[in-house]
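1. Build me a model from this:
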Amino acid sequence: MLGALVALCLGASPGAKAVMARFECHRCHEVEGLAPPPTVKHCAGCHRELAGSANDAAKLEQGRKTYGDAFDRFVRRTATHYVDVPPLVSMRRFRASWLRSFLADPLDLRPHLTESMPRLPLTPADLDALTSGLPADAPAPAASPEQLALGARLFEAKACTSCHLFGTRRFPSQPAALFEVKAPAISVLARAPDLRHVRDRLNRDVVVKLLRSPRAVNARAQMPNPGLSRAEAEALADFLLQGALGPPVEPEAVPVAQHVGPARYEDVEARVFRKVCWHCHSNPDFVDGEGGPGNTGGFGFKGAGLSLATYEEVMNGSLGPDGEYRSLFRKGPSGEPVLLEVLRRRVEENARDFVRPGHEASRAPLASAGPLGMPLGLPALAPDDLALVEAWIAAGKPRPATPPGLQLTPMGR
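-> Okay, here's the model as predicted:
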């Protein structure tokens, strides 16, 4: 028993750590055995620092002196992205089969986080290293109706419903706000996973241990100890692994918007390029030499040389496989400009990332020929913003009316 518990608490293997270092997982996550990256590359650390400035008058004043009004805009945005990223610790509690499939094709485990796991260029060898030493699937024996009923009662009695969804199943004690996906009423709930995924992620013995002593299995568990007896932990574990999840929910239709009025570059820049895209496609001259993974490279991606900091740089495009620059507005496989293709692809990814309960088995694969959706790991553009980009391209990509050569600020994204 002690040996099994020790194994659960161990972190990633040396091979897994090497892969996580190469793909820079520690830019967002705390990773056992990996020191945090330099500040300019510590995405989550930078976001938390800036989000913490929102209620600090001295930090706000200093930021405005350095970066101008761009600082206020960036602080407002960081309050909702990459400030509560789950740490990658005690990884050996997960099933190897689940982790492999999740990394190959991520889905939203925590529906109240606005960001999601990005699709990284992991090879089969990388997946082998990341899942080496993890437990194989161990199907749980069928639980009796009485055992499942006891587990359901404990799910409410132990206040699990205060933080967690369990598919679409609703409980009398459950706050209605939990069903407002991507908009939690209380930020501390954002990291709480939908517990319908437990049956795919963990074996029964791990779930029982986790319920009896969360931090004995996951060293950084935020869940309070529910004070369960062995029999109660087994009943609750059986409910999580085999209980009914509620009726299937059909995905909502993605709204389509039409842009009305002139399509100006200034609006595209303010609402899309600077608000969303600069995170990964900025000019390294303005951010201490770090142009983001979409420009200078990162997260396992080769630098694409793409900066969206100015109209001229947008027109320059990105580096192709031959090392030459190519236009963002060239026709892609669909016949649309590549820029529109990647933005629409993210809409498709978002629709799949949050798998509706009851539809797990029918989750169709993304078209293999499609591009990587943008923005990477973040919500797709709002329909109005996507329509604005489309209208600006259709209008001939008009230049900004403001004079060129305006001073840009490092954090004006």
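
2. which one is residue 218 nearest to, not counting chain neighbours?
-> Spatial nearest neighbour of residue 218, chain neighbours left out: residue 90 (4.6 Å); criterion: CB to CB, 6 or more residues apart in numbering. Every C-beta, even on glycine, is put in place using the N, C-alpha and C of the backbone.

3. how's this structure carved up into domains?
-> 1-8+91-247, 265-394 (automatic domain parsing).

4. could I get the ones you listed as CSV with distance to residue 62, mean pLDDT and mean neighbour count?
-> Output for the domains of the chain, formatted as CSV (distance: least, CB to CB, whole Å; pLDDT from 0 to 100; neighbours: other CB atoms under 10 Å):
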stretch, distance to residue 62, mean pLDDT, mean neighbour count
domain 1-8+91-247, 25, 88, 17
domain 265-394, 17, 87, 17
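
5. now these as a markdown table including distance to residue 36?
-> As requested, the domains of the chain are arranged in a markdown table below (distance: least, CB to CB, whole Å):
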| stretch | distance to residue 36 |
| --- | --- |
| domain 1-8+91-247 | 15 |
| domain 265-394 | 15 |
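
6. Out of those domains, which gets nearest to residue 259?
-> Nearest of these to residue 259, taken as CB to CB: domain 265-394 at 3.8 Å.

7. Can you give me the end-to-end span of that closest one?
-> Domain 265-394 has an end-to-end distance of 12 Å (CA to CA, to the nearest Å).

8. centre of the chain versus it, how much separation?
-> 16 Å (CA atoms, centre = their mean, to the nearest Å).

9. Stretch 148-166 too?
-> 26 Å.

10. residues making contact with it?
-> 111, 143, 171-175, 178-179, 188-189, 192-196, 226-228, 232, 235-240, 242-243, 245-246 (CB atoms under 8 Å, 6 or more residues apart in numbering).

11. swap the cut-off to 7 Å and go again
-> Contacts to stretch 148-166, defined as CB atoms under 7 Å, 6 or more residues apart in numbering, come from residues 111, 171, 173-174, 178, 189, 192, 194-196, 226, 232, 235-236, 238-239, 242-243, 245.

12. Distance-wise, check the residue nearest to residue 218 relative to residue 38.
-> The gap separating residue 90 from residue 38 is 26 Å, by CB to CB, to the nearest Å.

13. So which residue is smack in the middle of the chain?
-> With distances taken as CA atoms, centre = their mean, the residue of the chain nearest its centroid is residue 116 (1.6 Å).

14. right, and residue 189 touches residue 110 too?
-> No. In this structure residue 189 lies outside contact range of residue 110 using CB atoms under 7 Å: 9.3 Å.

15. rewinding a little: between residue 90 and residue 38, which one's more packed in?
-> residue 90 (21 against 11; other CB atoms under 10 Å).

16. Model confidence at that one, what's the number?
-> Residue 90 carries a pLDDT score of 90 in this model.

17. For the residue nearest to the centre of the chain, give me its contacts.
-> By CB under 7 Å, 6+ apart, the contact list for residue 116 reads 106, 108, 353, 377.

18. Go through the residues you listed and say which is closest to residue 51.
-> residue 377 (17.4 Å).

19. What is the three-state secondary structure of the closest one?
-> Following DSSP: H, G, I helix; E, B strand; the rest coil, residue 377 is assigned to coil.

20. distance of the closest residue to it other than its chain neighbours from residue 13?
-> Of all residues not flanking residue 377 in the chain, residue 118 sits nearest, at 3.6 Å (CB to CB, 6+ apart). Here residue 118 is placed at a distance of 23 Å from residue 13 (CB to CB).

21. Assess the claim that residue 95 and residue 204 are in contact.
-> No. Residue 95 is beyond contact range of residue 204, at 11.1 Å (criterion: CB under 7 Å).

22. Of all the domains of the chain, which one is nearest residue 24?
-> The nearest among the domains of the chain, by CB to CB, is domain 265-394 at 5.3 Å.
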